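Undergrad: My questions concern the predicted model and sequence given below.
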Amino acid sequence: MTDLAPLLGARFDGTQTRFGALTDAPQCAVRLYDDAERPLRDVPLAPLGGGYFGAGVAEVRPGALYRFVLGEQALPDPYARALPRGVHGPAMVVASRHAWRAPRLGRPAHRHVIYELHVGTFTREGTYTAAAERLPLLADLGVTTLELLPLSSFAGKRGWGYDGVAHFAPYAAYGTPDDLREFVDRAHELGLSLLLDVVYNHFGPAGNYLAAYTRRYFKRESATAWGDAPDFAEPALRRYVLDNARYWLEEFRFDGLRLDATHAITDSSPEHVLHALVRSLEHLEPKPFLVAEDERNAPELVTEHGLDAVWADDFHHQVHVTLTNEREGYYAGYAPGVAELARAIREGWLYSGQVFPLSGKPRGAPASELEPETLVYCLQNHDQVGNRALGERLSTLTTPEAYRAALLLLLFLPATPLLFMGDEWGASTPFLYFTDHDAELGAQVRAGRRKEFAHFAAFASPEANERIPDPQAESTFLASKLDFDEREHGAHAETLALVRAALALRRDDAVLTEPSRGRLHVEAQGDVLVVRRWFGQEVRVLLVNWGPQARVLAEHAAYRELNEPRWLLGTEPANATGELAPYSAVVWAGAASGQPREGNENA
């Protein structure tokens, strides 16, 4: 049988619009609407076999509104390319008028510096157009790659995007599909790569109409927190995922994807859907950069499935507990201290088969086969900030000095760094969990949010629990918007200058541009973290003092072994007394006085 999957949804070919649907219903039609959503007429679709229906309608042009009709029920199109009136409304036939100016960008894996961005809160306007106006600031900062939180259509006027249900329709509140194309073009013209966060492990709880067409997309015997689990062994759903991944890369010229919660993608197929996804994109040039978010510390995502990188959250968790001494929730599995931080960097992540306290089960496998650029490190991301009860950023939980020291560490290491929007100046605004569900679902989300934090000491009492911002309130969303004005003042400006300088050093320095586990040595010396990188005879040494007392530089062999050491960058000015200030970090350069030390693989 001819492959009919590419015909699903509505496609205008210049002369007619071709409609296609997949359903278990015996009959299917397309219902056309006027701008007031009054039905105009129904056009029957012809059965094509295997549950597929289709028809071409010559007089239907871009801008037309439609739903599919199954029996007596008119339903939104789950394959829609535009849902301007929301996920419960009619879809719109669209055809791009954007004239591309810039091609997709290729970039070596070790050259990615990722900047995670939520379109709705990045600017006051919360649109692609407004975000595009800020792109020169990001290019000037020195980041190379933007990662947009999910853009698939979801229910409501605001949200993080992880409740997506219509993965081919960019979320309308941010702008039109061509507004998104213009954003991508402007980023590429500035030399910025673009990744898109995609969510295939579940569909959102509101507006998911796939199951109304056919139950074959989901496994009734398996459930997620949002509903029945997607069935990746089912050809229709598998094709939905593979086509959608290619759609964002080809139709919108994204340069790669970040795959959400791959640990929750369960697939019993002979070929795992992640491996199939990688293989399905092999023909694209330049090669897309594919990143997994996965809590398992699973190296096989790279070594077997062929993904390019994986989030390594152990680094974040260890930095966080070392700076804040928090031990609640998943932080209970991490002991504050420089020694464990050194081990996390040395080994790639901390858990490589040890029992994780929260689950009581072994977690992870060794990362020894992974090159450093395949591990994505961060100080915070949308999850780590937004899943806190009050949405506080690390910069508000520790001192500016300690925060800057952590930033310099992140940007000095050979792992792929990720900055969450606002990290670069230590933004004071929170990033809260916000939604806009209907009253019933919203009440469940509100109650669930407060129940989630009831076991935290700070929110155990009913009075304290009431302080948790209401996810449904518009004020929660508005409070999460960045304030760009603060980046030019006081401690924010100092942090911004440091990040800009650290990114320039990472980009231009002959040693830091050459990542290798074999040319990295990490150790803890009391409260001081010592990170040594080299290439040939040239050596770079980062010393981070995480303690309250100043330390003498000459105490550290890595510093003493430098011939004619010179100060490159630090959170404090070069110190003529030869001391490392409390909660500070400094990078020194020089030639090795002897043979370079062995790296982590031999340490």
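TA: Alright, I've got the coordinates. Because the structure is a prediction, the values reported are computed rather than measured. Residues are numbered from 1 along each chain as shown.
Undergrad: List the residue ranges of the protein that fall below the pLDDT cut-off.
TA: For the chain, the stretches with pLDDT under 70 are 1-6, 575-576, 594-603.
Undergrad: And the helices in the stretch 1-150 of the chain?
TA: Listed in chain order, the helices of the stretch 1-150 of the chain (DSSP state H, counting those that start in this stretch) span 119-122, 128-141.
Undergrad: same for the last one, what does it pack against?
TA: Where contact means 3 or more CB pairs under 8 Å, 6 or more residues apart in numbering; DSSP states H and E, helix 128-141 is packed against strand 114-117, helix 119-122, helix 177-189, helix 490-508. The way it works is simple: take the backbone N, C-alpha and C, and place the C-beta from them, glycine included.
Undergrad: hmm, 10 Å instead?
TA: Here helix 128-141 touches strand 114-117, helix 119-122, strand 145-148, helix 177-189, helix 490-508, going by 3 or more CB pairs under 10 Å, 6 or more residues apart in numbering; DSSP states H and E.
Undergrad: among the helices of the stretch 1-150 of the chain, which is the most enclosed?
TA: Compared across the helices of the stretch 1-150 of the chain, helix 119-122 shows the largest average neighbour count, a mean of 23 (mean count of other CB atoms under 10 Å).
Undergrad: Which elements pack onto that helix?
TA: Using 3+ CB pairs under 10 Å, 6+ apart as the contact test, the elements touching helix 119-122 are helix 128-141, strand 145-148, helix 474-479.
Undergrad: who wins for proximity to Arg449 among those?
TA: Arg449 sits nearest to helix 474-479 of all the helices and strands packed on helix 119-122, at 10.3 Å, using CB to CB.
Undergrad: ok so, going back, now the helices and strands packed on helix 119-122 as a markdown table including distance to Leu394?
TA: Converted to a markdown table, the helices and strands packed on helix 119-122 look like this (distance: least, CB to CB, whole Å):
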| stretch | distance to Leu394 |
| --- | --- |
| helix 128-141 | 18 |
| strand 145-148 | 18 |
| helix 474-479 | 18 |
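Undergrad: Out of those, which gets nearest to Leu341?
TA: Between the helices and strands packed on helix 119-122, strand 145-148 lies closest to Leu341; by CB to CB that is 24.6 Å.
Undergrad: quick one: strands adjacent to the closest one?
TA: According to DSSP bridges, strand 145-148 forms sheet pairs with strand 114-117 (parallel), strand 193-198 (parallel).
Undergrad: quick revisit: for the helices of the stretch 1-150 of the chain, which one sits closest to Ala458?
TA: Comparing the helices of the stretch 1-150 of the chain against Ala458 with CB to CB, the closest turns out to be helix 119-122 (24.3 Å).
Undergrad: Any chance you could list what contacts that closest one?
TA: With CB atoms under 10 Å, 6 or more residues apart in numbering as the test, helix 119-122 has contacts from 125-128, 130-131, 134, 138, 146, 148-151, 157-161, 170-171, 173-175, 180, 183, 382, 421-422, 429, 431-432, 434, 477-482, 484.
Undergrad: that older thread, as TSV, the strands paired with strand 145-148 with distance to Lys287 would be great.
TA: Output for these, formatted as TSV (distance: least, CB to CB, whole Å):
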stretch	distance to Lys287
strand 114-117	17
strand 193-198	12
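Undergrad: Let me have those strands in CSV, extended by distance to Phe218 and mean neighbour count.
TA: Output for those, formatted as CSV (distance: least, CB to CB, whole Å; neighbours: other CB atoms under 10 Å):
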stretch, distance to Phe218, mean neighbour count
strand 114-117, 30, 24
strand 193-198, 18, 23
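Undergrad: Out of those, flag the one nearest Glu392.
TA: For the strands paired with strand 145-148, proximity to Glu392 was assessed by CB to CB; strand 114-117 is nearest, at 16.9 Å.
Undergrad: pretty sure Arg404 is in a strand, no?
TA: No. Arg404 sits outside any strand when classified using DSSP: H, G, I helix; E, B strand; the rest coil, being helix.
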